[in-house]
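>>> build the 3D model from these lines:
(4 chains)
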Number of protein chains: 2
Amino acid sequence: MDRFVSNFTNRLDAKGRVSIPASYRSVLARDGFDGLYVHPALDAPALDAGGNALLGEIDRLLSGLAPYSDERDLFATALLGTSDVLKIDGEGRVILTESFKAHAGIGDMVTFVGLGPKFQIWHPDRFNAHLADARARVGELRRRLGNRAVADNGGGMT
Amino acid sequence: MDRFVSNFTNRLDAKGRVSIPASYRSVLARDGFDGLYVHPALDAPALDAGGNALLGEIDRLLSGLAPYSDERDLFATALLGTSDVLKIDGEGRVILTESFKAHAGIGDMVTFVGLGPKFQIWHPDRFNAHLADARARVGELRRRLGNRAVADNGGGMT
DNA sequence: CTTGATTCCATTGACGCCCATGAAATCCCA
DNA sequence: TGGGATTTCATGGGCGTCAATGGAATCAAG
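Numbers count the residues shown, from 1 in each chain, chains lettered A, B, ... in the order given. The predicted model follows:
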């Protein structure tokens, strides 16, 4: 598997360390990035994290915007300027900075959520709310699209 | 045969393991995916499962959405974030996660239902209810469409 | 010397992997 | 064609390994 999937909830210890899920670590290892690239999510109280694949997406996004344009500087600021590369210790753990924890409202538990080329880090409760919302909106979109574009049958059998 | 058909009801053992029906396993083997890709069904108390064929549908859907767009993160959250790749042991069994079991209301028996490129996993009773409902609706649809668009499966299973 | 951080080691519980059993389907040969 | 032999499957259990977590030890400074 070469992308982040599934979700995991882990505990921060007294020193603020938290284990990156093993399956994510193996994706990162394949990706080849040393450390963990993290930035605040653009429109959610969460963090986006990943490796080279994520950096590649950011590059593609920025290169599609006109140099010196306002949009480009804004995105660059949000995606690059507030990011950080976290060290991963021998046991596969990272320490989130205070500003990251503040942005995501993180206490002593976090939920990792795989989104393909990147994953997000949430406060568990906030993620549950976000997930319920995402499901509702996806369901609504499916209905509006007449059950076709979105994977899967409308309950019909065979 | 290169698709999932028929239905089977198997028991979970004390460790929560359940055998994937042998005929499904051979489909998965041909598909080439290592493990079993699973996510909660979007509009039913059931699980969608499969291999590359299923994953491909999701990829096609997501690749049509711009990286860092709102919809993409939403769909990725609902589809990838709640999915999991279950390991298949030497005997062809998987262990369902707690959240999967909760979503489908699964206890110690499950029903596998082949739907072509994917299959579903149900609580046996819920599946029977779903089946009765599906039959009724198919019958109604046939009547309304004058027996044409809904090409005649007599509702027969197996 | 004290405080904070980083590396190393220990624990525990879950999971992966291996082998065993019984029942049912298939095969095979008289 | 019938019935025994063989294979396939679903299921059960034991055990080693690994992951998540916690704490100790080492290091870096102020």
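
>>> could you point out the helix or strand that follows the helix or strand hosting residue A:26?
Taking DSSP states H and E as the criterion, residue A:26 maps to helix A:22-31. Scanning forward in sequence from helix A:22-31 by DSSP H and E, the next helix or strand is strand A:36-40.

>>> tell me which other helices or strands that next one touches.
Of the remaining helices and strands, those touching strand A:36-40 by 3 or more CB pairs under 8 Å, 6 or more residues apart in numbering or on different chains; DSSP states H and E are strand A:47-50, strand A:84-86, helix A:98-104. The C-beta positions use only the backbone N, C-alpha and C, and glycine is treated the same way.

>>> which stretches of chain A have low pLDDT?
Where chain A drops to pLDDT under 70, the residues are A:146-158.

>>> please redo it, this time with the cut-off set to 50
A:148-158 (pLDDT under 50).

>>> which helix in it has the most residues?
When chain A is scanned for its longest helix (criterion: DSSP state H), the result is helix A:124-144.

>>> around DNA strand D, which positions in chain A sit nearby?
Counting by CB under 7 Å from any atom of the strand, chain A comes close to DNA strand D at A:8, A:10-11, A:13-14, A:18-22, A:25, A:91-93.

>>> keep only the residues you listed that also lie close to chain B.
Contacts with chain B are made by none of the residues of chain A next to DNA strand D, judged by CB under 8 Å from any CB of the partner chain.

>>> going through those residues, which ones are buried?
By neighbour count, with 16 or more other CB atoms under 10 Å in any protein chain shown, the residues of chain A next to DNA strand D hold A:8, A:10, A:18-21, A:92-93 as buried.

>>> for the residue nearest the centre of chain A, give its distance to chain B.
By CA atoms, centre = their mean, the mean C-alpha position of chain A lies nearest to residue A:120, the distance being 2.3 Å. Residue A:120 sits 8 Å away from chain B when distances are taken as CB to the nearest CB, to the nearest Å.

>>> contacting residues around whichever strand or helix holds that residue?
If you go by DSSP H and E, residue A:120 is part of strand A:119-122. Contacts with strand A:119-122, where a contact means CB atoms under 8 Å, 6 or more residues apart in numbering or on different chains, come from A:4, A:24, A:38, A:41, A:44-50, A:96, A:100, A:104, A:106, A:110-113, A:130, B:73, B:77, B:81.

>>> what do you get if the cut-off is 7 Å, keeping everything else the same?
Strand A:119-122 is contacted from outside by A:4, A:24, A:41, A:46-50, A:104, A:110-113, A:130, using CB atoms under 7 Å, 6 or more residues apart in numbering or on different chains.
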